[in-house]
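K.L.:
sequence unknown, structure follows:
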């Protein structure tokens, strides 16, 4: 498998694993120095907002404590489309830009709705064991997510 295909599969796999709530599987796709952020721009305050920011240990703690939150248990489906893959062979990493649409299906009737849209800005480290996520910035266009959903995109 060529490098570009392996990177694209990594990005798609990260969404499918999160859809299955396989949090350990997600963290296994990440490099030890992994950084995760959810950001959005607020036209009201004319600034970027950071809604969530964790390193790999912080993500692990978040996942371990999800059962303690009073959360919306509706399943979500992440549809990721990898758009750009810029490989820097000398740095052994790649920058990947993808679009993401998140759909939520309600538990009380099975109605599916578009929940959020945005872009993923990933940095992928290229090693001998294959590509791994080094950082992810989920840049949301959607700013009204309601309440009670604590699982990262």
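P.N.:
The structure has been received and is ready for your questions. None of these values were measured; they are calculated from a predicted model.
K.L.:
Report the secondary structure state of residue 7.
P.N.:
helix (DSSP: H, G, I helix; E, B strand; the rest coil).
K.L.:
can I assume it is in contact with residue 125?
P.N.:
No - in this structure residue 7 lies outside contact range of residue 125 using C-beta atoms under 8 Å: 10.3 Å. Quick note: C-beta positions are derived from backbone N, CA and C, even for glycine.
K.L.:
Neighbour count: these two, which is higher?
P.N.:
Ranked by neighbour count (other C-beta atoms under 10 Å), residue 7 and residue 125 place residue 7 first, with 24 against 20.
K.L.:
need the contact list for the more buried one.
P.N.:
By C-beta atoms under 8 Å, 6 or more residues apart in numbering, the residues touching residue 7 are 82, 85, 87, 94, 96, 124, 126, 131.
K.L.:
Quick one: distance of stretch 82-94 to the chain centre.
P.N.:
18 Å (C-alpha atoms, centre = their mean, to the nearest Å).
K.L.:
Quick one: name whatever helix or strand follows the helix or strand where residue 33 lies.
P.N.:
When elements are assigned from DSSP states H and E, residue 33 belongs to strand 30-42. Per DSSP H and E, strand 30-42 leads on to strand 47-55 as the next helix or strand towards the C-terminus.
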